[in-house]
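Student: Below: sequence and its predicted model.
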Amino acid sequence: MHTRTLHLTVALCLCLAINASAIVHYVDLNSAAPTPPYTNWATAATNIQDAVDASTNGDLILVTNGVYQTGGRVIYGTLTNRVAVTRPVTLQSVNGPGVTLIRGYQPPGGSTNDHLAVRCVYLTNNALLSGFTLTNGAALRSTNNTNDAHGGGAWSETNGMISNCVIVSNRASNFGGGGYQGIYTDCTIVQNRGDFGAGVALGTLNRCTVQSNSNPFFDGGGVYSSVLNKCSLIGNICGEYGGGAYNSTLNYCTLSNNVAGGSYGSAGGGAYNSILHNCTVISNSAQYYGGGVFSGTLDNCALIGNSCAVYGGGARYGTLSNCTLINNTSENLGGGADSVTLIHCMLSGNSAGHGGGMSFGTFDGCTLIGNVAVTAGGGAYYSTLTNCTAAGNAAPLGSLYGCTANNSIVYYSDSNGPNYDVGTVLNYCCTTPLPTNGSGNITNVPLFVDQLNGDLRLQPNSPCINAGNNAFAPTGPDLDGNPRIAGGTVDIGAYEFQSPTSLLSYAWAQQFGLPTDGSADFLDPDHDGMNNWQEWRAGTDPTNATSALRMVAAAASTNATGLDVTWQSVSGINYFLDRSSDLGTPFPFQTIATNITGQAGTTTFTDSDATNSGPYFYRVGVQ
């Protein structure tokens, strides 16, 4: 007991000693008797730099109200910093940024006066600046030292910290008009200018607002190569790439009303070449490409009301997963997106000249609802769709134009145009009229749960259940995150019905009047030796005993050495053929051919290896 008490006493004394070593220094612009080391208000320093110079590591410097615009220190190159925090101390205002300002200097006359520029603040690693307004600072290219051109408001080492600050009306001729490097928390960064990252470059921002910063010529109107968490980027402008953000990572952020415009090829109104998680990208614009984002990787994001003139109103290039794209527009191609991979996304109300939903892209498990194109591809234009649901899209030349669709529902295009054009290839899709390009399609009404209110899941008696082709099914879950295949065969559409009562294709069963409750799956009503499940897989008629998968003949070929093997077949079905020369062996059959395209009536395959007296035994199956 006594030993434990002694240890506790020593620990407490050590903590008190450490706390006692920190000194508080004071700064008051109107101090009557400034006296180093400025350890009370009566002897407070009149400028911040004097107090910083009098401090040691871990000290606290308190600054009261005022506009601090004198003093300074050169750290890199020749540029003066109004305040250079060269030690890991805390520099904190008493009453916040509204009444405590650090003002640099921006020469009014352009490049000939660049040598007069003054940055607001320099921060070393582990220094903290809290509760100030940094304004009118400038970092201009006056020497060959590029550091002179970074961070008009603040130039921070990587682990310098800035919190609860307003960084406004600063300028840099290279990186970071408002700030360069450092960690920014709960800051407002507004109306700064810089060539690369008008707001902040190479920084980490937490819960910050980055607003109305501008980069008239280059990249990153808001931020450049930064990491942002729970931030808002509003109304930032760049001349080339990334109105809101360039080459950055954004988590739980909102990007709104940012603009990439001015130069030919400007792109990424909201973000360019960036990674976005759980972000909202709304009402951004690009003069040319990617009104919302360009070349991005997005997950769980919403792109709403973005616009561009040429390609990709919502997005161009990149991969979007679990995202919604709503009411985005492009004057030319891809209202929702152009040349993008979309996985488990929802597109609604987007519009363009061609490809209202998307152009030249890939859809995996997506829904396309009410998208519009002026000419062609209301839902999609020259794109590939797998297990998607497209409903109520419109264009004079087709909801799908020049597309390939597999396991997808393409239905209910409005009177403005057909569901698809003649160049679209559809396989195992639910659409109307029956396509001439592709196979396995049905024209039955898909039976959505509530189409009027946007619920495109399948009713329990939907003909789309079990009616797809597993060979086309994508990996991973459906749009709801449920298993993609339930019941042995993939459904048609973006949503997989999770509790099918039959293993048969519901559309096939309904075609022949069979129940879909599973009771008839393994019955053989026409007594041809094949049950209903086998008849469905073979594409034969379960009500007609003459319609069955049967071998017909194996005769000497008239065209070449070998045997012509013929079986009863159905067009649109692919077969495999096995051969054996000794049925007494443990594994007698070997596959000799696959993906044999079936013909109506019978199909013949020439076994050119059957060249001796045999014997030869054959069996055929459906792939």
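Tutor: Structure received. Residues are numbered from 1 along each chain as shown.

Student: how does the protein divide up, domain by domain?
Tutor: According to automatic domain parsing, the chain comprises the domains 310-500, 551-622.

Student: Least confident of those domains, on average?
Tutor: Across the domains of the chain, domain 551-622 has the smallest mean pLDDT, namely a mean of 91.

Student: Distance from it to the middle of the chain?
Tutor: Distance of domain 551-622 from the chain centroid (C-alpha atoms, centre = their mean, to the nearest Å) equals 49 Å.

Student: need the contact list for the closest residue to Glu535 other than its chain neighbours.
Tutor: For Glu535, ignoring the flanking residues on the chain, the nearest one in space by C-beta to C-beta, 6 or more residues apart in numbering is Pro542 at 4.2 Å. C-beta here means a position set from N, CA and C on the backbone, and glycine is covered the same way. If you count contacts by C-beta atoms under 8 Å, 6 or more residues apart in numbering, Pro542 has them with Phe512, Leu514, Pro525, Asp526, Met530, Asn532, Glu535, Trp536.

Student: just the buried members of the residues you listed?
Tutor: When the contacts of Pro542 are checked for burial by 16 or more other C-beta atoms under 10 Å, the buried set is Phe512, Leu514, Asp526, Met530, Asn532, Glu535, Trp536.

Student: can you give me the helices for the protein?
Tutor: 2-21, 48-54, 506-511, 532-538 (DSSP state H).

Student: Out of those helices, point me to the one whose mean pLDDT is lowest.
Tutor: Looking at the helices of the chain, the bottom one is helix 2-21 with a mean of 35.

Student: how close does the residue lying closest to Pro460 once chain neighbours are set aside get to Val190?
Tutor: Sequence neighbours aside, Phe497 is the residue nearest to Pro460 in space, at 7.1 Å (criterion: C-beta to C-beta, 6+ apart). Distance, Phe497 to Val190, by C-beta to C-beta, to the nearest Å: 51 Å.

Student: same question, Gln211
Tutor: 5 Å.

Student: got it, and Ile102?
Tutor: 16 Å.

Student: Comparing the two, which residue is more hemmed in?
Tutor: For Ile102 versus Val190, neighbours defined as other C-beta atoms under 10 Å are more numerous around Ile102 (30 against 21).

Student: I figured that one hits Arg82, correct?
Tutor: Yes. Proximity of Ile102 to Arg82 meets the contact threshold set by C-beta atoms under 8 Å, at 5.6 Å.

Student: For Ser31, state which of the contacts of Pro542 is nearest.
Tutor: Trp536 (91.7 Å; C-beta to C-beta).

Student: So that closest one is in contact with Ser505, correct?
Tutor: Yes. Using C-beta under 8 Å, Trp536 is in contact with Ser505, at 5.9 Å.

Student: circling back to that earlier point, my guess is the residue nearest to Pro460 meets Ile485, correct?
Tutor: No. At 10.8 Å, Phe497 does not count as touching Ile485 under the criterion of C-beta under 8 Å.

Student: between those two, who's got more neighbours?
Tutor: Each of Phe497 and Ile485 has its neighbours counted (other C-beta under 10 Å); Phe497 has more, 22 against 14.

Student: Now stretch 150-159: buried residues?
Tutor: In stretch 150-159, the ones that count as buried by 16+ other C-beta under 10 Å are His150, Gly151, Gly152, Gly153, Ala154, Trp155, Ser156, Glu157.

Student: Centre of the chain to that stretch, how far?
Tutor: The answer for stretch 150-159 is 30 Å, by C-alpha atoms, centre = their mean.

Student: Stretch 607-623 too?
Tutor: Offset of stretch 607-623 from its chain centre (C-alpha atoms, centre = their mean): 52 Å.

Student: With stretch 164-176 instead?
Tutor: 29 Å.

Student: Quick one: end-to-end distance for it.
Tutor: Terminal residues of stretch 164-176 are spaced 18 Å apart (C-alpha to C-alpha, to the nearest Å).

Student: now that stretch: mean pLDDT?
Tutor: Stretch 164-176 comes out at a mean pLDDT of 97.

Student: picking that back up, which of the domains of the chain sits closest to Thr35?
Tutor: Here domain 310-500 is closest among the domains of the chain (C-beta to C-beta), at 60.3 Å.
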